[in-house]
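Peer 1: Turn this into a model:
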Amino acid sequence: MPPQTHENSSPAGVAITSPITKYPSKRDIEFKSAWNWLEGKREDDGVYPYFRIHDKLYDLSGFVDSHPGGTFWLKETQGMDITESFECSHFTQLPENLLKKFYVKDITTPRTTAFTFKDDGFFRTLKRKVKPIWEKNGGSAPTVQMKFIIDSLVTAFFIFMFSAARFNNYYFALIAGLLLEFIMTVAHNFFHLKDNWRMFLFDLSTLSTRDWRISHALSHHIYPNTIYDFEISGFEPVFQFLPSKNKSFLYRILLIPKICFFMSINLHLEWVKSLIQVYRKERQFYIPDLFPIFQLVAMVYINGSFWMALKLWLAIHVTANFILHFTGVQAAHHHQHMFHEGDTYPDDKDWGVLQVIATRER
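Peer 2: Residues are numbered from 1 along each chain as shown. Modelled structure (predicted):
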């Protein structure tokens, strides 16, 4: 692990060492959610109702319905600094030329994130070199093979889920759970893209596509392993991934039991929390939120027993949840050699550098 510095320590006991200039609002609230993260980011950036890209403000409100990537990305980020998202989502000059139509004024206040995007810097240089290869391979459009894979997984999932209910078979339920985790992994590729129906296959689990488009695409992938990464703060204080002086001896000895318990039920807790937020009017209701309920109702109808169907339903989702957490939380993002907020940051503030130092081959 790189050496740590403890200047600018945060309320969470973490030293802010990345090019983030402001401790995120709402980061340490008790009832954390992707939507609260979004509100906090909007509050920190302070440009509502406009959009900030570098040091210019744009009024994109009339462009939301025409956005080629779908309405979600612009609708939910209004009032925010979207510099990093804009830079990494567009490979051609057309979007920059189009922005001129929506220009409002320059802005002189410092950005809440001080990442750079110089023309001769690492990220833009890499993007120019990648562009012809990206175009040659079809751009960001999913391949026919990828569509076939996820469609096949979904078909197999329903076959094993309904077979588990029909024959009271836990082995079929476990296979259905494994297939569901595969679906979640592949559907994750689709919610990074423009709006499409296959991204909602992610909601066959107890997770929400719309929530994860915020927590995973807008937060984690844009600010990996920093103080702005919701996939870090969302686990606190149960898990503390960042170097922190607040970690107690009790926290350390309870870590393994917490992992074993948490990996199995966390996504159920997130689903219940989402429904509570809908009730409290802190989050909009979406039909896909009920996909897990629809599954349970169908299984009860086939099985005839609510309690037996519920046990099989839980076996499916606990299996999927455990595997997703084991591969994601444990293996994917938190190797000790990766940068985490609190570690010494390189002198180069180019945003592409963050993506490299917070990534490790698996």
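Peer 1: So this protein: which segments form each domain?
Peer 2: 34-137, 144-332 (automatic domain parsing).
Peer 1: right, so the ones you listed: which one is the most enclosed?
Peer 2: domain 144-332 (a mean of 18; mean count of other C-beta atoms under 10 Å). To be clear about C-beta, it is placed using only N, CA and C from the backbone, and glycine gets the same treatment.
Peer 1: immediately after the worst-scoring helix or strand of the chain on mean pLDDT, which helix or strand?
Peer 2: Ranking every helix and strand in the chain by mean pLDDT, DSSP states H and E puts helix 249-253 at the bottom, with a mean of 72. Next helix or strand after helix 249-253 toward the C-terminus (DSSP states H and E): helix 255-279.
Peer 1: what comes into contact with that next one?
Peer 2: 31, 33, 35, 205-208, 211, 238-239, 283-285, 289, 292, 317-318, 320-322, 324-326, 329-330 (C-beta atoms under 8 Å, 6 or more residues apart in numbering).
Peer 1: pLDDT on it, on average?
Peer 2: The pLDDT scores in helix 255-279 average 77.
Peer 1: cool, and stretch 32-49?
Peer 2: Rounded mean pLDDT across stretch 32-49 is 93.
Peer 1: Give me the contact list for that stretch.
Peer 2: Here stretch 32-49 has contacts from 22, 24-27, 29, 52, 57, 59, 61, 76-81, 107, 109, 111-112, 211-212, 214-215, 218-219, 228, 230, 233-234, 273-274, 277, 282-283, using C-beta under 8 Å, 6+ apart.
Peer 1: Show me the shaky parts of the chain.
Peer 2: 1-12, 255, 263, 329-333, 362 (pLDDT under 70).
Peer 1: the helices in it, which residues?
Peer 2: Assigned by DSSP state H, the chain shows helices spanning 34-45, 71-77, 83-89, 94-99, 122-136, 144-167, 170-191, 209-212, 230-233, 249-253, 255-279, 291-303, 306-327, 351-357.
Peer 1: now for the fifth one, which elements pack on it?
Peer 2: When you say that, I think you mean helix 122-136. Other helices and strands packing on helix 122-136, by 3 or more C-beta pairs under 8 Å, 6 or more residues apart in numbering; DSSP states H and E, are helix 83-89, helix 351-357.
Peer 1: Tell me the gap between the first one and the middle of its chain.
Peer 2: By that I understand helix 83-89. 15 Å (C-alpha atoms, centre = their mean, to the nearest Å).
Peer 1: Please apply the same query to the last one.
Peer 2: Relative to the mean C-alpha coordinate of its chain, helix 351-357 is positioned 17 Å out (C-alpha atoms, centre = their mean).
Peer 1: which of the residues in it are buried?
Peer 2: By neighbour count on 16 or more other C-beta atoms under 10 Å, the buried set for helix 351-357 is W351, G352, V353, L354, Q355, I357.
Peer 1: ok, the residues you listed vs G304, which is closest?
Peer 2: G304 has its nearest neighbour among the buried residues of helix 351-357 in Q355, at 52.0 Å by C-beta to C-beta.
Peer 1: which residues does that closest one contact?
Peer 2: F123, P224.
Peer 1: Please tabulate the domains of the chain in JSON lines, including the columns distance to T344.
Peer 2: Formatted as JSON lines, those follow (distance: least, C-beta to C-beta, whole Å):
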{"stretch": "domain 34-137", "distance to T344": "16"}
{"stretch": "domain 144-332", "distance to T344": "11"}
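Peer 1: tell me, what residue is most central in this structure?
Peer 2: H216 (0.9 Å; C-alpha atoms, centre = their mean).
Peer 1: Now do the same contact list for I357.
Peer 2: M338, F339, P346.
Peer 1: Turn the helices and strands packed on helix 122-136 into JSON lines, columns for distance to R42.
Peer 2: Below are the helices and strands packed on helix 122-136 laid out as JSON lines (distance: least, C-beta to C-beta, whole Å):
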{"stretch": "helix 83-89", "distance to R42": "13"}
{"stretch": "helix 351-357", "distance to R42": "20"}
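Peer 1: Next one: T71 from S61, what distance?
Peer 2: As judged by C-beta to C-beta, to the nearest Å, T71 and S61 stand 11 Å apart.
Peer 1: nope, S89 is what I meant
Peer 2: S89 is 19 Å from S61, by C-beta to C-beta.
Peer 1: Over to Q145?
Peer 2: Counting by C-beta to C-beta - Q145 and S61 are separated by 38 Å.
Peer 1: what does M338 give?
Peer 2: 38 Å.
Peer 1: right, and the domains of the chain - which one's nearest V14?
Peer 2: Checking the domains of the chain against V14 by C-beta to C-beta gives domain 144-332 as the closest, at 4.7 Å.
Peer 1: sorry, back to before: can you tell me how far the residue nearest to the centre of the chain is from F306?
Peer 2: 34 Å.
Peer 1: Which residues are in contact with the closest residue to V14 other than its chain neighbours?
Peer 2: Nearest non-adjacent residue to V14, counting by C-beta to C-beta, 6 or more residues apart in numbering: L242, 4.7 Å away. L242 makes contacts with A12, V14, N225, I227, I232, H340, E341, G342, as judged by C-beta under 8 Å, 6+ apart.
Peer 1: and the residues you listed as TSV, adding distance to L174?
Peer 2: Putting these into TSV (distance: C-beta to C-beta, whole Å) gives the following:
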residue	distance to L174
A12	38
V14	39
N225	33
I227	39
I232	31
H340	34
E341	38
G342	39
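Peer 1: Go through these and name the one nearest N137.
Peer 2: Lowest distance from N137 to the contacts of L242 (C-beta to C-beta) belongs to N225, with 28.4 Å.
Peer 1: No more questions from me, cheers.
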